[in-house]
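Participant: Prediction below, plus the sequence it came from.
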Amino acid sequence: MRRLRAKRVFELSSGLWVVDRVHPVAVVLDPEDAQVRQVVSWAQEPAPQQLGAFRRMFAADDGLWVQENGAGGPLLRIGPDGVQQAVWTGTSLLAAAGPGGAWCARAAGPPRRVGPNDPEPTPPATWDVLLHVAPDGTCTEVRTDAAVGLVHTTQDAAWVCLDLAPWTGEPTDFPDVFWVRWSNRWVRLPWGRTPPARIRADDGVTEAPQALEAAIDLAAGPCDPTADAQAGARRERVAFDVERGFAPLRTGEWPWRVHEDGGSTVLRDQRSPGGREVSLAAAQDVDISAGCWPLVPRPVDADSYLHRVLAEFGSLSAHVLGTSGGHTLDGRDVLDARLLGQWPRVRLEWTFGHTSRPGLVLRRRVELFDEVGRTAYPEYADVALTEDLDTGRIPPAGRARNGVLDM
């Protein structure tokens, strides 16, 4: 049995859609009594072979626009009964959505940094192409006369940010090194109107609109991926994670608040008298196994990957733990690690002693493949362990079993 592991909640006309963290499944709840209305899956779209492929997901009127496989993957219109439309977008990525459909844009390269000896940055492209996808799947190309930098949405329109020369430098953490920030013009494209064949920067305005967000992220709180719109521009030139929904970004006026009640996640509606509460317990108790992705084929490079992981993390120096007084049980200067299990349940395991828990073996296990079987490289596993020790995030000794304390 695989129960729902809630990641995001969308408030739609068809109910509260609670989306799983990994699998292409949403449980739809009645917003009044929190009872399950239906379970929606789009597992017809195969899982990305590589973990970390962009999952684009934005609200539609009664469902979702989803792109699981990033550039080159189909754009899906998901309704209460499952996949309603499947659209080929070429190399375009889902950028925004609203009442009139979805907008897709071509992915751009990472933002550039320049130093005192670097050549003058080349102006951004003098043209670009957006793709508008209507709810019925009809596609319309919209050409621009400058590079698309961002796509925001408001209740009444999509806003396209075009990047233009000249540029200014934004300071970095290094002296005399700057992020390149191009000048912007924002062009408004109202929902419900036929998209134009072309948009021009001269028709835009210089002030950014107040974008809207569509969901609550249960892991990180209300989604605010571009609390500073330009920070989003630095991260990826097309901001794919903003659209209409709960509240304007940067206002803090979120209708829903998230809290825990007896181990269950609860949403509190700030708009209703007394703060109406909707528990996600019913959603999180649903068996979603029938809608989950099957295992992907075992990665052909799995053996090489595991060898590299063990080579990199297999001898974590004890001095890394020095600020916490850490040491190995036998006094050696290296913490040895090992691999446990078989694909897809392969884990990296560290065991060591620590002065704060005398007589116990501390153990940290890290999964090396996700539950779909995709490679999940533990890039910062050693850093996370060090931070936990530095800040004293070590479970109490009473939780140890047979002399081993998992952390």
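Facilitator: Alright, I've got the coordinates.

Participant: So Gln49 is in contact with Val296, correct?
Facilitator: Yes. Assessed by C-beta atoms under 8 Å, Gln49 is found in contact with Val296 at 5.9 Å. (Glycine included, C-beta is placed from N, CA and C.)

Participant: Could you check which of those two is surrounded by more residues?
Facilitator: Val296 (19 against 14; other C-beta atoms under 10 Å).

Participant: shared neighbours, Gln49 and Val296?
Facilitator: Arg374 (C-beta atoms under 8 Å, 6 or more residues apart in numbering).

Participant: Quick check: which ranges of this protein have low pLDDT?
Facilitator: Filtered on pLDDT under 70, the chain yields the residue ranges 52-54, 108-109, 211-255, 263, 317-334.

Participant: cutoff 50 now
Facilitator: Low-confidence segments of the chain (pLDDT under 50): 219-252, 323.

Participant: Pro135 and Gly192: what is the separation?
Facilitator: Distance of Pro135 to Gly192, given as C-beta to C-beta, to the nearest Å: 11 Å.

Participant: same deal with Val66?
Facilitator: 22 Å.

Participant: Tell me how many other residues surround Phe58.
Facilitator: Phe58 has 25 neighbouring residues, counting by other C-beta under 10 Å.

Participant: Would you confirm that it contacts Leu93?
Facilitator: No. Contact between Phe58 and Leu93 fails when scored by C-beta under 8 Å: they sit 11.5 Å apart.

Participant: partners of the longest strand seen in the chain in the sheet?
Facilitator: In the chain, assigned by DSSP state E, the strand with the most residues is strand 157-171. Sheet pairing of strand 157-171 (DSSP bridges) gives strand 147-153 (antiparallel), strand 178-190 (antiparallel).

Participant: so which of the ones you listed is the most packed in?
Facilitator: strand 147-153 (a mean of 26; mean count of other C-beta atoms under 10 Å).

Participant: got the CA positions of it in PDB?
Facilitator: Taking C-alpha atoms only, strand 147-153 is exported to PDB below (Å, rounded to 0.1, in the frame of the first residue of the first chain):
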ATOM      1  CA  ALA A 147      14.000  37.600 -25.200                       C
ATOM      2  CA  VAL A 148      11.400  36.300 -22.700                       C
ATOM      3  CA  GLY A 149      12.700  36.700 -19.200                       C
ATOM      4  CA  LEU A 150       9.700  36.000 -17.000                       C
ATOM      5  CA  VAL A 151       6.000  35.100 -17.200                       C
ATOM      6  CA  HIS A 152       3.800  36.200 -14.400                       C
ATOM      7  CA  THR A 153       0.000  36.000 -14.100                       C
END
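
Participant: Confirm that Leu306 sits in a helix.
Facilitator: Yes. Under DSSP: H, G, I helix; E, B strand; the rest coil, Leu306 sits within a helix.

Participant: For it, list the residues it contacts.
Facilitator: Here Leu306 is in contact with 339, 346, 368 (C-beta under 8 Å, 6+ apart).

Participant: Confirm for me that Glu68 is in contact with Gln44.
Facilitator: No. With contact defined as C-beta under 8 Å, Glu68 does not reach Gln44; the gap is 10.4 Å.

Participant: Can you show me the helices along the stretch 251-400 of the chain?
Facilitator: 281-284, 302-313, 381-390 (DSSP state H, counting those that start in this stretch).

Participant: Looking at these, spot the one closest to Gly169.
Facilitator: helix 381-390 (30.0 Å; C-beta to C-beta).

Participant: the inter-axis angle of the closest one versus helix 302-313?
Facilitator: 40 degrees (axes from the mean of the first three to the mean of the last three C-alpha atoms, to 10 degrees).

Participant: contact partners of whatever helix or strand comes next after helix 381-390?
Facilitator: Counting by DSSP states H and E, the next helix or strand C-terminal to helix 381-390 is strand 404-406. For strand 404-406, contacts defined as C-beta under 8 Å, 6+ apart pick out 351, 357, 360-365, 394-395, 397, 399.

Participant: Out of the strands paired with strand 157-171, which is closest to Gly73?
Facilitator: Per C-beta to C-beta, nearest to Gly73 of those: strand 147-153, 18.1 Å.

Participant: Distance from that closest one to the middle of the chain?
Facilitator: From the chain centre to the centre of strand 147-153 is a distance of 18 Å (C-alpha atoms, centre = their mean, to the nearest Å).
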